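**Q** Compute the structure for the input listed below.
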Amino acid sequence: MPQAPDSYADLTPDFVLDALDEVGLRGDGRLMQLNSYENRVFQIYLEDGRVVVAKFYRPGRWSDEQILEEHAFALELAAAEVPMVPPLDLGGRTLVAIEHEGVRHRFAVSERHAGRSPELDDPEVLRWLGRFIGRLHAVGAQHPFAHRRRLDVATFGEASRALLLEHDVIPDAQRPGWQAMCDAALEAVRSAFDTAGAVRALRLHGDCHPGNLLWRPEEGPHFVDLDDACMGPAVQDLWMLMSGDRESMAGQMRWLLDGYGAFMTFDARELSLIEPLRTLRMVHHSAWIAERWTDPAFPAAFPWFGSGAYWSQQTTQLREQLEAIGEGAIEV
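**A** As a prediction, the model looks like this:
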């Protein structure tokens, strides 16, 4: 397994409260850690009655420039009245760095903004989500990221495959079968992207699954951060809201695009990229777990990772993805 320092070990409640105190946000002593595998996120009650959320970024994951691009995009969306919780201005900056016990911690703070998961079986909710993502993409298309990564076969597929094979992650018995199926699947993904042609890449949320969307009945959807924002095809922010068989997904996509089209034109060629993008996400997800295995939160959350059963299942799912890619685009 890859090795990395236990870089979150010193994020004690006292340290977190002291860090916020240094930027003028004095807590009243109440603090609650929120669910987040990638970063460490805390809900903090302030003496002035406000409640804020502080996100401590995983050391070494993003450069300062990449984080600041995330913040700039969030502020740009908020200024355009796209429902987005932007980072707070902390004395003329949105990103604060503190050195502590040999680790450089960087954090941002935002107002607390709660909500629940959207009801994705409701066509009107899907149409509203389509409008929301269309508005986000209308802003995202105005100019590209300069520093954040691009969602493509090389970054999410080939690099992830290489990481998994270079480290002692896959059991010997499952390794040949997984490698052969991964290679075949990634070749099919490359072919699908080549066939689709030069589809437009724009700034995306990047990880638009239902758990990252918060919904308020009277206000609709909003995002609370853009931690996985990247450059890529528009359909990346749509396909994770679909589920079920091909017929069901086609119906869901029709509702999403009905709303999306009010703000952005959708390139129908991107429908053929849904299953290739799902394949890239599968491979990348396994590499993501492997890369963070020394973080104690990961073995606890993914105890089955590294087992023969897990990698046999991954091989089967890649085979299914290869078949799904071969079926072509869904009919919308």
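
**Q** Do a quick rundown of the helices in the stretch 201-332 of the chain.
**A** Here the stretch 201-332 of the chain has its helices, by DSSP state H, counting those that start in this stretch, at 236-239, 246-260, 274-291, 297-301, 308-326.

**Q** Go through these and pick out the most buried.
**A** helix 236-239 (a mean of 24; mean count of other C-beta atoms under 10 Å). Placement of C-beta: from N, CA and C, glycine included.

**Q** pLDDT at residue 45, what is it?
**A** Per-residue confidence (pLDDT) for residue 45: 98.

**Q** Over to the one 3 residues further on?
**A** Predicted confidence (pLDDT) for residue 48: 96.

**Q** Ok, residue 10 next?
**A** pLDDT recorded at residue 10 is 79.

**Q** Contact partners for it?
**A** 100, 101, 103 (C-beta atoms under 8 Å, 6 or more residues apart in numbering).

**Q** Residue 101 versus that one, what's the distance?
**A** Distance from residue 10 to residue 101, counting by C-beta to C-beta, to the nearest Å: 5 Å.

**Q** How about residue 125?
**A** Counting by C-beta to C-beta, the gap from residue 125 to residue 101 is 46 Å.

**Q** ditto for residue 9
**A** 8 Å.

**Q** quick one, which of the helices of the stretch 201-332 of the chain is nearest to residue 51?
**A** helix 297-301 (23.9 Å; C-beta to C-beta).

**Q** per-residue confidence averaged over the closest one?
**A** 91.

**Q** Touching stretch 192-208 from outside, list them.
**A** 73, 133, 136-137, 139-141, 143-145, 150-153, 212, 223, 226-234, 236-238, 240-241, 267, 269-270, 272-273, 275-276, 325.

**Q** What's the end-to-end length of it?
**A** 22 Å (C-alpha to C-alpha, to the nearest Å).

**Q** doesn't residue 58 make contact with residue 103?
**A** No. Residue 103 is beyond contact range of residue 58, at 10.9 Å (criterion: C-beta atoms under 8 Å).

**Q** higher neighbour count, the two?
**A** Taking other C-beta atoms under 10 Å, residue 103 and residue 58 do not tie; residue 58 has more neighbours (19 against 16).

**Q** Which neighbouring residues are in contact with the more buried one, exactly?
**A** Per C-beta under 8 Å, 6+ apart, neighbours of residue 58: 7, 8, 38, 39, 40, 292.

**Q** so how far is residue 105 from it?
**A** Following C-beta to C-beta, the distance that separates residue 58 from residue 105 is 10 Å.

**Q** With residue 199 instead?
**A** The separation that residue 199 has from residue 105, given C-beta to C-beta, amounts to 38 Å.

**Q** domain parsing for this protein?
**A** Here the domain parsing of the chain from automatic domain parsing is 13-111, 123-326.

**Q** how long is the longest one end to end?
**A** What it means is domain 123-326. Termini of domain 123-326 sit 28 Å apart (C-alpha to C-alpha).

**Q** Need the mean per-residue confidence for the helix ranked longest in the chain.
**A** Longest helix of the chain, by residue count under DSSP state H: helix 175-196. The average pLDDT within helix 175-196 is 98.

**Q** same check, this time on stretch 244-255
**A** Per-region confidence: stretch 244-255 scores 96 on mean pLDDT.

**Q** which stretches of this structure aren't confidently modelled?
**A** By pLDDT under 70, the low-scoring segments of the chain are 1-7.

**Q** That one: strands as residue ranges?
**A** 27-34, 40-46, 51-56, 96-100, 103-111, 202-204, 214-216, 220-222, 230-232 (DSSP state E).

**Q** out of those strands, which comes closest to residue 87?
**A** strand 103-111 (4.4 Å).
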